[in-house]
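[1] coordinates only, sequence not included:
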């Protein structure tokens, strides 16, 4: 039986001074399908209380710890408790928070990278499978309509054989050593205990890898990674360059950097096939370049009738009215919430387009393999994701 109400969610993390938590809340609210009713927004109970108050939550549903939140929400009647939890904490808390809520019977939407390391990722995958609950990972760039169009073109055989991918994600915000100047986002990303064994690759390199795999379907066979820490005193890498060998013979170049002067958030991808070139830039997300061999380039634009039904499903506005970052995030929520609704209604299976626990494990295997290669002075290293 279909669930005829909004889904209720709680949030862990995303308090004052955080960035991505507010983005999640805006995206989750966009389509009017869900509502925030509870939260533990910080490890500082006062921060959590103030944040919850600013969001007009019932004070009884603002918690001092995530364990208290999971236990007390689980004890509420079924018609009152949250349906799922959103995790927007630093990386080291992703696995313990997700585990706690899954074991208390809640679905989970989690920010990336999924866990602190691959061992945690595999353990969490086992818990998700055992729980029967929905787990979604917010690789939000896969939510853009024209990324979905790119994927459709590749999967429909328009490319012939894919020969090469080039994926770049340059930023410049860590060109200064912000982690020593009270910058909250830089501080935890630069701390191995909170972010894991990598900074740049874990933070944005995983987005680049996931975007390439989402569009092309290619699986990595082996890789060669060169990590550099350009800023003196920084504990983790702030720049990485990788060569990829894919199963089936295609090759890839992946570059990510957080010290590229002048860059903002310039994620982009080019896919070269025997028949077609495809190119997409995140800073100009409503356009997709498509150029067949021997023909002029075409610029496909979101919102037009020619993009097809798959892309239209994830488009909210008519052409000429740009959609971007929040809407892409919202598309992850749109599909994850549809899956959660189906699960609550007792329906198993179904096709939903959002990153899953398996994507999270693959991403952590990517980080671990890249780190291993870099520590071996950029030696080619076999990729194993299972």
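    Here it is on my side, so go on. Only a predicted model underlies this, so the values are computations on that prediction, with no experimental measurement involved.

[2] Where does pLDDT dip in the stretch 201-350 of the chain?
    Within the stretch 201-350 of the chain, no range satisfies pLDDT under 70.

[3] hey, where'd the strands end up in it?
    Under the criterion DSSP state E, counting those that start in this stretch, the stretch 201-350 of the chain contains strands at 220-228, 239-246, 251-257, 268-273, 276-281, 287-292, 298-301.

[4] Can you check which of the ones you listed gets nearest to residue 361?
    Smallest distance to residue 361 across the strands of the stretch 201-350 of the chain (Cβ to Cβ): 13.3 Å, for strand 220-228. C-beta here means a position set from N, CA and C on the backbone, and glycine is covered the same way.

[5] Name every strand pairing with that closest one and say which way it goes.
    Paired neighbours of strand 220-228 in the sheet (DSSP bridges): strand 239-246 (antiparallel), strand 381-382 (antiparallel).

[6] thinking again about what came up before, export the strands of the stretch 201-350 of the chain as TSV, with columns for distance to residue 307.
    Listed next are these as TSV, based on distance: least, Cβ to Cβ, whole Å:
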stretch	distance to residue 307
strand 220-228	29
strand 239-246	27
strand 251-257	26
strand 268-273	17
strand 276-281	13
strand 287-292	9
strand 298-301	6
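
[7] Pipe the ones you listed into CSV and attach distance to residue 374 and mean neighbour count per row.
    Supplementary listing: those in CSV, determined by distance: least, Cβ to Cβ, whole Å; neighbours: other Cβ atoms under 10 Å:
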stretch, distance to residue 374, mean neighbour count
strand 220-228, 4, 20
strand 239-246, 7, 21
strand 251-257, 12, 21
strand 268-273, 22, 20
strand 276-281, 27, 19
strand 287-292, 32, 17
strand 298-301, 37, 15
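
[8] Can you add distance to residue 305 and give the strands paired with strand 220-228 back as JSON lines?
    Formatted as JSON lines, the entries for the strands paired with strand 220-228 read as follows, by distance: least, Cβ to Cβ, whole Å:
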{"stretch": "strand 239-246", "distance to residue 305": "34"}
{"stretch": "strand 381-382", "distance to residue 305": "46"}
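
[9] Which among these is found nearest to residue 311?
    For residue 311, the closest of the strands paired with strand 220-228 is strand 239-246, at 25.4 Å, according to Cβ to Cβ.

[10] what angle do the closest one and strand 251-257 make?
    Going by axes from the mean of the first three to the mean of the last three Cα atoms, to 10 degrees, strand 239-246 is angled at 160 degrees with respect to strand 251-257.

[11] starting at the chain centroid, how far to strand 239-246?
    Its chain's average C-alpha position is 20 Å from that of strand 239-246, according to Cα atoms, centre = their mean, to the nearest Å.

[12] shift numbering so it begins at 223
    Taking 223 as the first residue, the last one we looked at is strand 461-468.

[13] can you list the residues that contact it?
    If you take Cβ atoms under 8 Å, 6 or more residues apart in numbering as the criterion, strand 461-468 is touched by 387, 420, 422-423, 427, 440-452, 473-482, 592, 595-596, 602.

[14] Apply 6 Å and report the result again.
    By Cβ atoms under 6 Å, 6 or more residues apart in numbering, the residues outside strand 461-468 that reach it are 422-423, 427, 440, 442-450, 452, 474, 476-479, 481.

[15] Then stretch 568-588?
    335-337, 340, 343, 347, 350, 357-359, 361, 428, 431, 554, 557-558, 560-561, 564, 607.

[16] distance between the ends of that stretch?
    By Cα to Cα, to the nearest Å, the extent of stretch 568-588 from end to end equals 34 Å.

[17] now do stretch 240-257
    End-to-end distance of stretch 240-257: 20 Å, with Cα to Cα as the criterion.

[18] Go through it and flag the buried ones.
    By neighbour count on 16 or more other Cβ atoms under 10 Å, the buried set for stretch 240-257 is 240, 242-243, 245-247, 249-250, 252, 255-256.

[19] ok, so of those, who is nearest residue 550?
    Set against residue 550, the nearest of the buried residues of stretch 240-257 by Cβ to Cβ is residue 249 (8.2 Å).

[20] packing partners for the one helix or strand that closest one maps to?
    In this assignment (DSSP states H and E), residue 249 forms part of helix 242-251. Contact analysis of helix 242-251 by 3 or more Cβ pairs under 6 Å, 6 or more residues apart in numbering; DSSP states H and E lists strand 306-310, helix 547-566 as its packing neighbours.

[21] got JSON lines for the ones you listed, with distance to residue 458 and mean neighbour count too?
    Formatted as JSON lines, these follow (distance: least, Cβ to Cβ, whole Å; neighbours: other Cβ under 10 Å):
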{"stretch": "strand 306-310", "distance to residue 458": "21", "mean neighbour count": "26"}
{"stretch": "helix 547-566", "distance to residue 458": "26", "mean neighbour count": "22"}
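
[22] Please convert the ones you listed to JSON lines, extending it with distance to residue 278.
    Compiled in JSON lines, the helices and strands packed on helix 242-251 are given as follows (distance: least, Cβ to Cβ, whole Å):
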{"stretch": "strand 306-310", "distance to residue 278": "17"}
{"stretch": "helix 547-566", "distance to residue 278": "20"}
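
[23] Could you point out which of these sits nearest residue 227?
    Each of those was checked against residue 227 via Cβ to Cβ, and the shortest separation belongs to helix 547-566, namely 9.9 Å.

[24] now the angle from that closest one to helix 242-251?
    Angle between the axes of helix 547-566 and helix 242-251 is 60 degrees (criterion: the same axes, to 10 degrees).

[25] re the thing from before, how about the strands of the stretch 423-572 of the chain, which one is nearest residue 536?
    For residue 536, the closest of the strands of the stretch 423-572 of the chain is strand 509-514, at 13.4 Å, according to Cβ to Cβ.

[26] Give me the helices and strands touching that closest one, please.
    Using 3+ Cβ pairs under 6 Å, 6+ apart as the contact criterion, the secondary-structure elements in contact with strand 509-514 are helix 367-377, strand 498-503, strand 520-523.

[27] Save the ones you listed as TSV, and put in distance to residue 532 too.
    TSV is the format used below for the helices and strands packed on strand 509-514 (distance: least, Cβ to Cβ, whole Å):
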stretch	distance to residue 532
helix 367-377	5
strand 498-503	15
strand 520-523	13
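
[28] Thank you kindly, that will do.
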